[in-house]
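# Sharing a model that was predicted from the sequence below.
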Amino acid sequence: MRKLLVVTLCVIGMLSGCSLSGCSMDGLNPFSSDSSPAHEQEQVQDNHVQEKAVDQMNEAYTLTVHTIPNDAHVRFKYYSEPFQNGMAIPDGRYTLVIEKQNYGTVIQNITVSGIDMELRVVLYPLNTEYSLQVNPDVKGCDIKILNIKEKYKDGIMLENGKYLIQVSKPGFEEYQNWIVINGSDAIVNVKMEKFVKKYALLVKPNVADAKIRILNIKIKYADNIKLPVGKYFIDVQKSGYQTFQTWVRIVDKDVVVNVDMLKI
């Protein structure tokens, strides 16, 4: 409507100061104060400039984005229209977001100014696997990851998760431990303990539900607990009974301790 209005004004200007059907419009036409040919030509030129300015305001330019990988998603961050390759947009500043799962996101500011625009954007993959290095303090150990099929090797690449590590060697205690990989490489240093022959210890009170402890070690008692050669201080308690305590020596065989609990 704006362009049409300018053209209409141009026609009225050209008619000013002329006669229609032999009747003069002088004194009736508001433009009659200056109806010289030079003035009429100046008005036509001004109106043509206005018409050109309106055309420039309505112009739009194509925007094309080529991405690697080619299935990356492109969107405007602030512009209301959804992005489409080859779409026409007016002059201005725009912010593009180019993204794809497991790739780094690119935010690109562009300025459209009087020409079509074509961009090439490369996305680089994020690191989704991390290295695992298991370092036993003795050589020649066999290292396994028990909860995956892949065989362990130094610097093995693994996704985020929990992994059960086993380290073994003849003459040493077997090492097992869960490790967690969470967004960074992992190094596990393992101290191998020399194998010590162990024997079972069973404490058998004559009453049920008695509480049994081994007071000189940190390990909690359990029936047939495996212990190396040594002396162990046994403590047996139950409400309503006298506390039973005794030293037990393990030498070269399993040991069973029968306990007679006496009522108070």
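All right, it came through fine.
# How is the chain divided into domains?
The chain resolves into domains spanning 2-58, 61-122, 129-190, 198-259 when parsed by automatic domain parsing.
# can those go into JSON lines with extra columns for mean pLDDT?
What follows is the domains of the chain, written out as JSON lines (pLDDT from 0 to 100):
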{"stretch": "domain 2-58", "mean pLDDT": "44"}
{"stretch": "domain 61-122", "mean pLDDT": "94"}
{"stretch": "domain 129-190", "mean pLDDT": "95"}
{"stretch": "domain 198-259", "mean pLDDT": "96"}
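# Now mean neighbour count too, for the ones you listed, in JSON lines please.
Every C-beta, even on glycine, is put in place using the N, C-alpha and C of the backbone. Shown next, in JSON lines, are these (neighbours: other Cβ atoms under 10 Å):
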{"stretch": "domain 2-58", "mean neighbour count": "12"}
{"stretch": "domain 61-122", "mean neighbour count": "13"}
{"stretch": "domain 129-190", "mean neighbour count": "13"}
{"stretch": "domain 198-259", "mean neighbour count": "14"}
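# and the gap between the residue nearest to D209 when sequence neighbours are not counted and L262?
Distances taken as Cβ to Cβ, 6 or more residues apart in numbering put K238 closest to D209, at 6.7 Å, once the chain neighbours are dropped. Separation of K238 from L262 (Cβ to Cβ, to the nearest Å): 11 Å.
# repeat for F244
In terms of Cβ to Cβ, F244 sits 8 Å off from L262.
# same deal with T62?
Counting by Cβ to Cβ - T62 and L262 are separated by 98 Å.
# ok, now G140?
Taken as Cβ to Cβ, the span from G140 to L262 is 54 Å.
# now swap in L119 and tell me
90 Å.
# which non-adjacent residue is nearest the residue nearest the centre of the chain?
What sits nearest the mean C-alpha location of the chain, by Cα atoms, centre = their mean, is N102, with 7.8 Å. Distances taken as Cβ to Cβ, 6+ apart put L126 closest to N102, at 5.4 Å, once the chain neighbours are dropped.
# tally of neighbours for that neighbour?
By the measure other Cβ atoms under 10 Å, the count of residues near L126 is 11.
# Could you check the pLDDT of it?
At L126, the pLDDT value in this model is 84.
# so it makes contact with T105?
No: L126 lies out of contact with T105 (Cβ atoms under 8 Å); the separation is 9.6 Å.
# any idea how far the residue nearest to the centre of the chain is from D260?
To D260, N102 is 68 Å away according to Cβ to Cβ.
# try V180
For V180, the distance to D260 - Cβ to Cβ - is 49 Å.
# do K238 as well
12 Å.
# Q84 now?
Per Cβ to Cβ, Q84 is found 89 Å from D260.
# cool, and N216?
Applying Cβ to Cβ to N216 and D260 gives a distance of 23 Å.
# what about stretch 75-82, how long is it end to end?
7 Å (Cα to Cα, to the nearest Å).
# I figured N206 was touching D260, is that so?
Yes: between N206 and D260 there is a contact under Cβ under 8 Å: 5.3 Å.
# Provide a list of residues in contact with P205.
For P205, the contacting residues are I212, V236, K238, F244, V259, M261, by Cβ atoms under 8 Å, 6 or more residues apart in numbering.
# The third one and Y232, how far apart?
Translated: K238. Applying Cβ to Cβ to K238 and Y232 gives a distance of 20 Å.
# Likewise for L126?
54 Å.
# Isn't Q245 up against F233?
Yes: at 6.9 Å, Q245 counts as touching F233 under the criterion of Cβ under 8 Å.
# As a check, name the ranges of all strands in the stretch 151-264 of the chain.
156-159, 161-168, 175-181, 186-190, 198-205, 211-214, 225-228, 230-237, 244-250, 255-259 (DSSP state E, counting those that start in this stretch).
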